[in-house]
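Engineer: predicted model and sequence below, questions to follow.
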Amino acid sequence: MNASPSHQPHPAEWTEMQSLLPSAERDLPAGRHQFHKEQMMAQIHEDLRTSSRTSPVAPAKRPNPFLRRTILLPAAAFTLAGAVAGGLALTGGGTHGGRTALATGPALTTRIGVADAKGASQLLERISLAAADTSAPTPHKGQYIYIASKVADSYIKADGDKREAVSNELHSRQVWNSLDGKDGWLIEAGETSDKGTTLKSDTPFSGAYNALAGLPTDPEALLQQIYRASDAHRDPEVPRDQAAFVAIGDLLTESYPPAEVGAALYKAAAKIPGVVSVDDAVDATGRHGVAIARQNDTDGERTEWIFDKKTLRFLGERIVVVKATAGNPLKVGTVTHTSAITERAVVDAAKQVPGQVS
């Protein structure tokens, strides 16, 4: 198994998206700027499932504010949340909604790795072969997929007329999801209490194992489904190929796809124009690796999937500002999101950690 890891809204969309979310979700900290877009990505993933030859029709996904960032809205979207709520929940110390607020510090920065357009295809072929390894255990009915990670984000924080680039501190995240996606649990510093919160719902989580198992394994067919689904829901300002690349990343992170599906997703990514390899990238815990990446010229940010240089095991993901643009106030070299997968396993119950007897 070689797949898996969390990451603010556009002025025009903020009010509208607020109206779509329960009040408890609207109150989440700005550093988790993926929550307002989850319904959109859920519909894309739902379209992928229902259009698959082998997947039955399933109900629309539950709104889940705790899933990772997707880039289907313009870059300006990620600036506003800091102005709206950044000063509320991410100032460090104190509590909010029963959870301890995360401390903030300077914006995260990094050295930008060298991109190679010619090297992406060969590297993705090698990654797909590693992903096709079937030695990972196959989950069975009643079990859960467990993912542990470290995550952090940079964003623009506003305090009156003052605006500055800050980051929330690197923190732990643990998520459990049932195979059918209808049950789960989340424990995350700054987002939940120490005991966590339920993800239980009658409507399945779109990245659940059963849903991924229903996707086609032919890379071209899979890519065309991804394009059709993302075309139906992406913001017009987001380039078509970028939306498809991000959609694939979302299907590979905080998930446990069957080996043949994971391999097909990497091969599909190789067919997207503009995908490059990067000679060096660092995950949230400081592990260096090679990366598969694509730059969004609209906002100047590059999404990087990071892999171990030797084993090609998925290490994590980061999003880096690599080009200055008028709509993105963050400086070149700013890491807007970083994550590192520290453990991935099949367990027998929610809240059970690997090695613990249920």
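Structural biologist: Nice, I can see it.
Engineer: relative to Ala263, how far out is the residue nearest to Tyr209 when sequence neighbours are not counted?
Structural biologist: Nearest residue to Tyr209, sequence neighbours excluded (CB to CB, 6 or more residues apart in numbering): Leu179, at 4.5 Å. In short, each C-beta sits where N, CA and C put it, glycine included. Distance, Leu179 to Ala263, by CB to CB, to the nearest Å: 20 Å.
Engineer: one more: Leu123?
Structural biologist: From Leu123 to Ala263 the distance is 14 Å (CB to CB).
Engineer: now Val278
Structural biologist: Val278 sits 21 Å away from Ala263, going by CB to CB.
Engineer: ok, now Gln224?
Structural biologist: 17 Å.
Engineer: who's more crowded, these two?
Structural biologist: Ala263 (23 against 16; other CB atoms under 10 Å).
Engineer: what about the stretch 1-150 of the chain, any weak spots by pLDDT?
Structural biologist: 1-98 (pLDDT under 70).
Engineer: in the strand of greatest length in the chain, what counts as buried?
Structural biologist: For the chain, the strand that runs over the most residues, judged by DSSP state E, is strand 144-159. Residues of strand 144-159 classed as buried by neighbour count (16 or more other CB atoms under 10 Å): 144-158.
Engineer: all strands of the stretch 251-358 of the chain, in order?
Structural biologist: For the stretch 251-358 of the chain, the strands defined by DSSP state E, counting those that start in this stretch cover 275-282, 288-296, 301-307, 314-321, 335-347.
Engineer: to Ile112, which of those strands lies closest?
Structural biologist: When the strands of the stretch 251-358 of the chain are compared by CB to CB, strand 314-321 sits nearest Ile112, at 6.3 Å.
Engineer: flag every buried residue along stretch 345-358.
Structural biologist: For stretch 345-358, by 16+ other CB under 10 Å, it's Ala345, Val346, Val347, Ala350, Gln352.
Engineer: let me have these in TSV, extended by pLDDT and distance to Ala165.
Structural biologist: Listed next are the buried residues of stretch 345-358 as TSV, based on pLDDT from 0 to 100; distance: CB to CB, whole Å:
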residue	pLDDT	distance to Ala165
Ala345	96	36
Val346	97	39
Val347	97	38
Ala350	96	37
Gln352	96	39
